[in-house]
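# give me coordinates for this.
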Amino acid sequence: MHAKPAELSGGQMQRVAIARALINDPKVLLCDEATSALDPRITKEILQLLQKVHDELGITIVVVTHQMEVVKQLCERVAFLKHGVVLAEGKPEELFVHPSDDIKKFLGEEGTSLPNEGVNIQLFFTEDSNEPVVSEMARDLDVDFSICWAKLEDFRANVYGSLIINIENKDKFKVLEYLDAKNVKWEVL
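Numbers count the residues shown, from 1 in each chain. Below is the predicted model:
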């Protein structure tokens with residue numbers, strides 16, 4: 001309260017900016033790069049503050065950011081923009097876990113090297129599931145497979161992800177049938 005603006009840390013300046021924006025009792029709070037140039041601990045605190053503002057005051061928060069972790073932790077919906085064009089829009093957990101080719105390119109995730117032999121299948125885990133589907137599948141079907149790639153991501157305290165496995169051609173249909181029976185989303189690559 002008694003410090004001059006130049007004496008405030010980046011986190012303190014962001015808190016003051018948020019407080020200043022809330023004075024007029026807005027229905028929407030626009031946050032443009034609200035966590036840029038902040039260390040990870042302060043970023044987490046600012047995100048918690050914004051979540052508290054949303055939860056307690058019912059204010060819609062629109063976030064503009066290049067930091068994908070901010071999107072995953074704070075946003076309920078996301079739109080990816082490139083040159084003013086919407087590439088995709090939806091729930092962050094769906095768009096990050098099962099990205100389109102445009103989003104993969106946008107995020108710099110294209111070009112995963114996979115085996116040329118056998119069948120590569122990507123499994124998507126976006127629902128709450130504590131079931132060990134992959135290990136059960138190996139046992140139940142007596143199928144060997146290789147894990148080629150995996151990604152787990154934290155979305156507002158929920159962990160979702162995807163996994164690419166490689167199986168022999170002869171096992172393809174029974175594996176896909178098994179995955180369907182377990183309600184696992186999949187894609188043959």
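
# for the rest of this, base every contact and every neighbour count on C-alpha atoms.
Will do.

# from residue 88, how far off is the closest residue to residue 156 other than its chain neighbours?
Once flanking residues are discounted, residue 156 sits nearest to residue 73: 4.7 Å by CA to CA, 6 or more residues apart in numbering. Per CA to CA, to the nearest Å, residue 73 is found 18 Å from residue 88.

# how far does the strand or helix carrying the residue nearest to residue 156 sit from its chain's centre?
In this structure, residue 73 sits in helix 68-74 according to DSSP states H and E. Relative to its parent chain, helix 68-74 has a centroid offset of 7 Å by CA atoms, centre = their mean, to the nearest Å.

# by contact count, what packs against it?
Packing partners of helix 68-74 (3 or more CA pairs under 8 Å, 6 or more residues apart in numbering; DSSP states H and E): helix 40-57, helix 92-97, strand 146-155.

# I'd like the average pLDDT over that helix.
For helix 68-74, mean pLDDT rounds to 89.

# for stretch 3-20, same thing?
86.

# C-alpha coordinates for stretch 11-29, CSV please?
Taking Å, rounded to 0.1, in the frame of the first residue of the first chain, the C-alpha atoms of stretch 11-29 are listed here in CSV:
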residue,chain,number,x,y,z
GLY,A,11,3.4,-10.6,-9.0
GLN,A,12,2.4,-7.6,-6.9
MET,A,13,1.9,-5.5,-10.0
GLN,A,14,-0.4,-8.2,-11.5
ARG,A,15,-2.4,-8.4,-8.3
VAL,A,16,-2.8,-4.5,-8.3
ALA,A,17,-3.9,-4.7,-12.0
ILE,A,18,-6.5,-7.4,-11.2
ALA,A,19,-7.8,-5.4,-8.2
ARG,A,20,-7.9,-2.2,-10.3
ALA,A,21,-9.9,-4.1,-13.0
LEU,A,22,-12.4,-5.4,-10.4
ILE,A,23,-13.2,-2.0,-8.9
ASN,A,24,-15.9,-1.3,-11.6
ASP,A,25,-17.6,-4.7,-10.9
PRO,A,26,-17.2,-6.1,-14.5
LYS,A,27,-19.0,-9.0,-16.0
VAL,A,28,-16.0,-10.0,-18.0
LEU,A,29,-12.3,-9.7,-17.0
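
# show residues contacting that stretch.
Applying CA atoms under 8 Å, 6 or more residues apart in numbering, the contact partners of stretch 11-29 are 5, 34, 38, 42, 43, 46, 58, 59, 60, 61, 62.

# now do stretch 150-161
When contacts are defined by CA under 8 Å, 6+ apart, stretch 150-161 is touched by residues 72-74, 92-93, 97, 124-128, 162-164.

# now swap in stretch 51-63 and tell me
Contacts of stretch 51-63 (CA under 8 Å, 6+ apart): 26-34, 50, 71, 74-75.

# with stretch 69-77 instead?
35, 47, 50-51, 63, 65, 78, 89-93, 154-157.

# which elements pack onto the worst-scoring helix or strand of the chain on mean pLDDT?
Evaluated with mean pLDDT, DSSP states H and E, the helix-and-strand set of the chain has its lowest mean pLDDT in helix 101-107, which scores a mean of 84. Packing partners of helix 101-107 (3+ CA pairs under 8 Å, 6+ apart): strand 85-90.
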